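Student: got a predicted model here, sequence first, then my questions.
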Amino acid sequence: MIADVLYNRKILPAYYRLGIGLKKVPSFKPGQFIMLRITEQVDPLLRRPFGVYRILGSRVRGQGSRVRGQGSRVREQGIEILYKVVGKGTRLMTALKPGDKLDILGPLGNSFELSHSTGDIIMIAGGIGIAPFYLLAERLKAEGFRQRLLFGGRSKDDLPGLDDFKKLKINIKISTQDGSVGKKGLVTDLLKSELRTPNSKLQTIYACGPKGMLKEVERVAKTANAPCYVSLDNVMACGIGACLGCAVKSRAQSSELRVQRLKGLKSPLSALHSESSYKMVCKDGPVFDAWEIEWEEV
């Protein structure tokens with residue numbers, strides 16, 4: 001679908017908010033994404049995947065004809081994405097301005113399903129990995145879940161959207177590798193501390209960030225026998241599973257293991273089958289049960 005750029009704001013040295021206007025906003029679920037065609041030029045040719053950060057629907061633009069002494073107000077509706085400048089495509093995006101046209105495909109992928117959640121919810125994000133969690137945090141709050149956000153980055157300039165989560169008034173803990181904000185260290189250290197804290201309820205973990213972080217999150221969660229779901233950010237070309245470019249190696253899980261984990265019961269690692277298969281991050285994900293991913297060396 002063809003969409004309009006509403007705004008393109010630099011919020012941190014390497015991070016931007018991009019507002020995308022849509023005549024009709026599809027029903028996006030937390031964790032779903034869009035494929036964005038940045039330019040009509042041949043280079044870059046392929047679309048880029050971006051997680052949906054926020055749903056827009058209450059902004060006001062312009063002044064129209066006056067009715068009863070007040071300017072008419074036009075609601076802007078659409079979506080907002082966060083992006084980090086890391087390559088040619090995202091560098092080109094920084095030049096987008098209000099009124100420019102975009103070609104987007106979405107919503108795509110699965111979501112963080114709350115039917116899998118038991119007990120308290122821990123969201124853990126690294127840098128731009130925060131992108132899928134604002135919609136999730138809004139939904140968790142609306143449905144009465146107890147939630148915590150563990151947010152980490154290299155420095156204070158690597159924590160996009162932090163103020164948005166503060167406005168939601170949820171429990172937030174921050175870590176930076178240089179100690180410029182919060183606790184000095186890795187965000188996975190915060191997770192270890194959280195899971196060591198005595199808690200009568202089972203805790204479910206949702207994570208998004210660099211693969212090295214996700215691999216460690218899965219290890220920590222497995223040690224604590226905590227259900228863990230991860231959103232993967234693989235390179236994609238089509239977004240619908242046709243090009244096979246975003247394949248991830250997975251291991252089968254027995255139905256017995258899934259039932260035990262959903263009930264919060266301890267399950268032997270032998271319940272994992274040894275055979276492997278491949279799944280497409282765009283079509284089968286991007287959200288996966290962390291225990292079914294065969295993590296490669298990073």
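Tutor: In hand now; what should we look at?
Student: surely residue 248 meets residue 296?
Tutor: No - in this structure, residue 248 is not within contact of residue 296 by Cβ atoms under 8 Å, at 9.1 Å. C-beta coordinates here come from the backbone N, C-alpha and C atoms, glycine included.
Student: the two: which has the busier surroundings?
Tutor: A direct count of neighbours by other Cβ atoms under 10 Å for residue 248 and residue 296 places residue 248 higher, at 20 against 9.
Student: tell me which element the more buried one falls in.
Tutor: Per DSSP states H and E, residue 248 falls inside strand 247-253.
Student: centre of the chain to that strand, how far?
Tutor: Its chain's C-alpha centre and that of strand 247-253 lie 21 Å apart, by Cα atoms, centre = their mean, to the nearest Å.
Student: which strands or helices does that strand pack on?
Tutor: Counting by 3 or more Cβ pairs under 8 Å, 6 or more residues apart in numbering; DSSP states H and E, the packing neighbours recorded for strand 247-253 are strand 272-280, strand 287-289.
Student: ok, 7 Å please
Tutor: strand 272-280 (3 or more Cβ pairs under 7 Å, 6 or more residues apart in numbering; DSSP states H and E).
Student: who's in contact with whichever helix or strand comes after the strand it packs on?
Tutor: Next along the chain after strand 272-280, taking DSSP H and E as the criterion, comes helix 281-284. By Cβ atoms under 7 Å, 6 or more residues apart in numbering, the residues outside helix 281-284 that reach it are 108, 109, 232, 234, 236, 239, 240, 241, 246, 248.
Student: save the residues you listed as JSON lines, and put in distance to residue 6 too.
Tutor: As requested, these are exported to JSON lines (distance: Cβ to Cβ, whole Å):
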{"residue": "108", "distance to residue 6": "21"}
{"residue": "109", "distance to residue 6": "23"}
{"residue": "232", "distance to residue 6": "28"}
{"residue": "234", "distance to residue 6": "28"}
{"residue": "236", "distance to residue 6": "24"}
{"residue": "239", "distance to residue 6": "22"}
{"residue": "240", "distance to residue 6": "26"}
{"residue": "241", "distance to residue 6": "30"}
{"residue": "246", "distance to residue 6": "29"}
{"residue": "248", "distance to residue 6": "34"}
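Student: export these as CSV, with columns for secondary structure and pLDDT.
Tutor: Supplementary listing: the contacts of helix 281-284 in CSV, determined by DSSP: H, G, I helix; E, B strand; the rest coil; pLDDT from 0 to 100:
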residue, secondary structure, pLDDT
108, strand, 91
109, coil, 90
232, coil, 91
234, coil, 74
236, coil, 70
239, coil, 70
240, coil, 70
241, coil, 69
246, coil, 77
248, strand, 83
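Student: which one of those has the most neighbours?
Tutor: Counting neighbours by other Cβ under 10 Å, residue 109 leads the contacts of helix 281-284 with 27 neighbours.
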